[in-house]
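**Student:** heads up, no residue letters with this:
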């Protein structure tokens, strides 16, 4: 999400293989893993 104000840095644990796969796929799509995680969390919190 380019041009967004900087947000606080968060940290969490995730297996290396999952992170690396997410990083590769995000890169192929011109995104960052942060973009992917942000969208996933936004969808998650909107669920009942």
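**Tutor:** Arrived safely, thanks for sending. Note that the structure is a prediction, hence the values are computed from the model and not measured.

**Student:** Next, name the residue at the spatial heart of the protein.
**Tutor:** Residue closest to the mean C-alpha point of the chain, counted by CA atoms, centre = their mean, is residue 37 at 2.5 Å.

**Student:** what helix or strand does that residue sit in?
**Tutor:** In this structure, residue 37 sits in helix 33-46 according to DSSP states H and E.

**Student:** and that helix, average pLDDT?
**Tutor:** The average pLDDT for helix 33-46 rounds to 96.

**Student:** Equivalent analysis for stretch 11-22, please.
**Tutor:** Stretch 11-22 comes out at a mean pLDDT of 97.

**Student:** Show me what that stretch is in contact with.
**Tutor:** By CB atoms under 8 Å, 6 or more residues apart in numbering, the residues outside stretch 11-22 that reach it are 33, 36. In this view, the C-beta of every residue, glycine as well, is placed from N, C-alpha and C.

**Student:** just checking, what packs against the helix holding residue 37?
**Tutor:** Here helix 33-46 touches helix 16-28, going by 3 or more CB pairs under 8 Å, 6 or more residues apart in numbering; DSSP states H and E.
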